[in-house]
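Enquirer: Give me a 3D structure for the following:
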Amino acid sequence: MIVHAAERADGDGDRARVAVIASRRVGGAVQRNRAKRRLRELVRHLPLRREVDLVLVARRRCVDASFGELGAELEELCTALDVLDTSVSAEGGG
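Expert: Residues are numbered from 1 along each chain as shown. Predicted structure coming up:
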């Protein structure tokens, strides 16, 4: 997957905004929707900073990869982009 991040200047809102995109290269409608559902579920459990906008671009591997692999990759990418809220514990469910 590819993750794009941008800081919002206003910083308003109670949560980060996230968009998930899957092009036809991922597969048919069923595969695209599955990839998007999986990525939305994974990002739901991440403690994202509220002033961040994210765009997740699904790739073909998102359909067949295990949930654990996808979660680890997404967390690694978000850490590299510095979009995780470190003041919220992962167990707390931010």
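Enquirer: all strands of this protein, in order?
Expert: 2-7, 17-21, 52-57 (DSSP state E).
Enquirer: out of those strands, deepest packed?
Expert: strand 52-57 (a mean of 19; mean count of other CB atoms under 10 Å). From N, CA and C alone the C-beta is placed, and that goes for glycine too.
Enquirer: Counting by contacts, list what that strand packs against.
Expert: Using 3 or more CB pairs under 8 Å, 6 or more residues apart in numbering; DSSP states H and E, the elements in contact with strand 52-57 are strand 2-7, strand 17-21, helix 29-44.
Enquirer: Now for the residue nearest the centre of the chain: which residues touch it?
Expert: Centroid-nearest residue in the chain: residue 43, 4.2 Å away (criterion: CA atoms, centre = their mean). Going by CB atoms under 8 Å, 6 or more residues apart in numbering, residue 43 touches 18, 20, 54, 56, 74.
Enquirer: For residue 78, see how far away the first one is.
Expert: The one in question is residue 18. 11 Å (CB to CB, to the nearest Å).
Enquirer: In this structure, where is pLDDT below threshold?
Expert: Low-confidence segments of the chain (pLDDT under 70): 11-12, 88-94.
Enquirer: can you do 80?
Expert: Within the chain, the set of residues satisfying pLDDT under 80 comprises 9-14, 88-94.
Enquirer: Need the residues touching each of residue 18 and residue 78.
Expert: Residues touching both residue 18 and residue 78 (CB under 8 Å, 6+ apart): 48, 54.
Enquirer: Relative to residue 28, how far out is residue 18?
Expert: For residue 18, the distance to residue 28 (CB to CB) stands at 24 Å.
Enquirer: what do you get for residue 37?
Expert: 14 Å.
Enquirer: Show me which of those two is the more surrounded one.
Expert: Higher neighbour count among residue 37 and residue 28: residue 37, with 12 against 9, using other CB atoms under 10 Å.
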